[in-house]
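Asker: 3D, please:
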Amino acid sequence: MEVFMRDIFYVEALEKMASSKKEKSRRFLISLMVIFPILFALAYVVSGYGDNEKVLFNGVVLILFAFTVLLLYWYLQIKPGDSYEDYYDPNKDLVDLKFQLDNLSDISKAIQLFKSPGQSSSNANKSPKFTAEYISSRSDFLRKEDRLISNASDLSDVEKLALFEITIKRYQENLSTEKNNIEEKLQSKSDEHVVDDLALNKMTLLIKVMTSRLNEAISQLSKRGDIYIVIGSGLTIIAGYILYTSMVDYLSLNVAGEEASILDLSMYDLILMGVKISVVLFVEVFAFYYLRLYREIVKDVKYYQNEITNIEVRLLALYAIDNFEHSEALSGLVGELSKVERNFLIDKKHTTIDLEKSKHDSSMIGAAIGQVTKLINTVKK
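Answerer: Just a heads-up that it's a prediction; the model follows:
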């Protein structure tokens with residue numbers, strides 16, 4: 001039980017960290033949305049209200065570059081990833097409902113105390129500001145449109161205060177009904193089902209604790225993979241556009257309607273074409289590099305997912321041993337589950353499809369480099 005409670009506290013700490021990360025992400029994006037329009041306005045003013053187009057263009061390009069870098073930083077470092085979903089626990093919902101009902105009761109008592117005869121408008125001890133803050137601090141779980149009391153002036157509005165009381169009463173009725181339904185379901189369960197639910201909750205908590213770092217690693221790798229595939233695809237499109245614009249000038253029809261011949265090109269044109277093609281090859285090399293990084297990340301994500309599967313299968317085997325009667329069939333099933341290994345371990349004499357693909361790719365690249373080397377030596381001769 002002590003280990004179980006420690007796991008619960010650990011999971012709650014993870015959830016608080018995720019909530020803090022979401023709030024940090026929201027504040028960061030809001031700051032970007034506020035700061036960069038101001039920077040654009042400053043660039044416009046510095047350029048003489050748009051008279052100096054070069055200064056304005058350079059300022060806008062610099063601001064857009066900084067904006068892109070900060071967005072990448074947010075996406076890779078701040079944006080919260082997907083968390084492991086908890087197993088549905090009605091006891092946790094019951095605690096939340098009781099907490100919300102207690103807050104509604106406190107709000108109703110605060111309103112009645114404010115409206116009591118001893119709290120007349122001429123009473124110097126009356127503090128509507130404190131009462132409004134007290135009510136507002138206990139209204140976080142209400143919908144925004146139902147939070148009618150936010151300052152002292154709202155308490156002075158008789159109609160708004162009456163409508164807020166009606167809203168509070170409606171919330172109390174709905175939450176009480178939901179609370180009673182959950183309690184009836186829990187009471188209808190047998191002791192055996194309660195024990196099974198507790199064991200299942202314990203296994204779910206263990207899975208979340210043991211896979212939290214793996215899930216975080218998968219989230220980070222997935223973000224990097226998204227960036228790499230975008231960069232690689234963008235560079236490929238740029239290279240294709242450069243190749244198209246460099247070749248269309250020499251292969252297009254001339255004024256007489258005849259096709260241009262490669263023999264009609266001057267040495268300068270041929271050198272210029274060669275330079276453009278070299279630029280295309282240079283860009284494609286970088287595109288291939290980022291696309292290769294993306295492929296490696298996909299492999300790493302698959303590896304971590306397989307590790308999570310290994311953990312879940314072993315905990316499932318442990319759950320089966322603890323909660324079911326032992327039999328020969330169950331023992332065999334548990335034995336097979338405990339042997340599951342998604343990331344295959346191989347001996348020196350064995351191989352895998354991935355290794356064979358890597359060997360094939362390496363041999364193809366080596367053969368291509370050899371052919372290019374032979375072609376260059378032939379040209380030199």
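Asker: can you give me the helices in the stretch 201-350 of the chain?
Answerer: Counting by DSSP state H, counting those that start in this stretch, one finds helices in the stretch 201-350 of the chain at the ranges 267-323, 328-338.
Asker: state the pLDDT value of residue 256.
Answerer: Here the pLDDT value assigned to residue 256 is 45.
Asker: show me the shaky parts of this protein.
Answerer: Low-confidence segments of the chain (pLDDT under 70): 1-18, 81-91, 117-127, 189-200, 249-266, 322-362, 364-366, 368-369, 371-372, 375-381.
Asker: run the last query once more with 50
Answerer: Low-confidence segments of the chain (pLDDT under 50): 1-4, 84-85, 120-125, 253-257.
Asker: domains of it?
Answerer: 1-80, 90-188, 213-344 (automatic domain parsing).
Asker: can I get those domains in JSON lines including mean neighbour count and distance to residue 205?
Answerer: The C-beta positions use only the backbone N, C-alpha and C, and glycine is treated the same way. Formatted as JSON lines, the domains of the chain follow (neighbours: other Cβ atoms under 10 Å; distance: least, Cβ to Cβ, whole Å):
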{"stretch": "domain 1-80", "mean neighbour count": "13", "distance to residue 205": "4"}
{"stretch": "domain 90-188", "mean neighbour count": "14", "distance to residue 205": "12"}
{"stretch": "domain 213-344", "mean neighbour count": "14", "distance to residue 205": "10"}
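Asker: of these, which is nearest residue 202?
Answerer: Among the domains of the chain, domain 1-80 comes nearest to residue 202, with 5.4 Å by Cβ to Cβ.
Asker: sorry, back to before: would you list the helices of the stretch 201-350 of the chain in a markdown table and tack on distance to residue 106?
Answerer: Formatted as a markdown table, the helices of the stretch 201-350 of the chain follow (distance: least, Cβ to Cβ, whole Å):
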| stretch | distance to residue 106 |
| --- | --- |
| helix 267-323 | 41 |
| helix 328-338 | 50 |
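Asker: hang on, the earlier thing: now the domains of the chain as TSV including distance to residue 206?
Answerer: As requested, the domains of the chain are arranged in TSV below (distance: least, Cβ to Cβ, whole Å):
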stretch	distance to residue 206
domain 1-80	6
domain 90-188	17
domain 213-344	6
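Asker: and of the ones you listed, who's closest to residue 203?
Answerer: Nearest of the domains of the chain (Cβ to Cβ): domain 213-344, 4.8 Å.
Asker: tell me which of the helices of the stretch 201-350 of the chain approaches residue 60 most closely.
Answerer: helix 267-323 (24.6 Å).
Asker: tell me what the closest one is packed against?
Answerer: Helices and strands touching helix 267-323, by 3 or more Cβ pairs under 8 Å, 6 or more residues apart in numbering; DSSP states H and E, are helix 191-251, helix 328-338.
Asker: circling back to that earlier point, and the domains of the chain: which comes nearest residue 363?
Answerer: domain 213-344 (16.2 Å).
Asker: contacting residues around residue 44?
Answerer: Residues near residue 44 by Cβ atoms under 8 Å, 6 or more residues apart in numbering: 50, 56.
Asker: mind checking how far it is from residue 235?
Answerer: 32 Å (Cβ to Cβ, to the nearest Å).
Asker: what does residue 115 give?
Answerer: Distance from residue 115 to residue 235, by Cβ to Cβ: 69 Å.
Asker: how about residue 220?
Answerer: On the measure of Cβ to Cβ, residue 220 and residue 235 end up 23 Å apart.
Asker: residue 142 too?
Answerer: 50 Å.
Asker: residues in contact with residue 173?
Answerer: Contacts of residue 173 (Cβ under 8 Å, 6+ apart): none.
Asker: so which strand or helix has it?
Answerer: helix 158-188 (DSSP states H and E).
Asker: quick one: work out the angle between that helix and helix 191-251.
Answerer: If you take axes from the mean of the first three to the mean of the last three Cα atoms, to 10 degrees, helix 158-188 sits at 120 degrees to helix 191-251.
Asker: isn't residue 307 up against residue 213?
Answerer: No: using Cβ atoms under 8 Å, residue 307 makes no contact with residue 213, being 10.2 Å away.
Asker: who touches both of these two?
Answerer: Shared contacts of residue 307 and residue 213, defined by Cβ under 8 Å, 6+ apart, are absent.
Asker: residues contacting residue 226?
Answerer: Contacts of residue 226 by Cβ under 8 Å, 6+ apart are residue 75.
Asker: that one and residue 303: what is the separation?
Answerer: For residue 226, the distance to residue 303 - Cβ to Cβ - is 18 Å.
Asker: just residue 296 next, same as before
Answerer: Distance, residue 296 to residue 303, by Cβ to Cβ: 11 Å.
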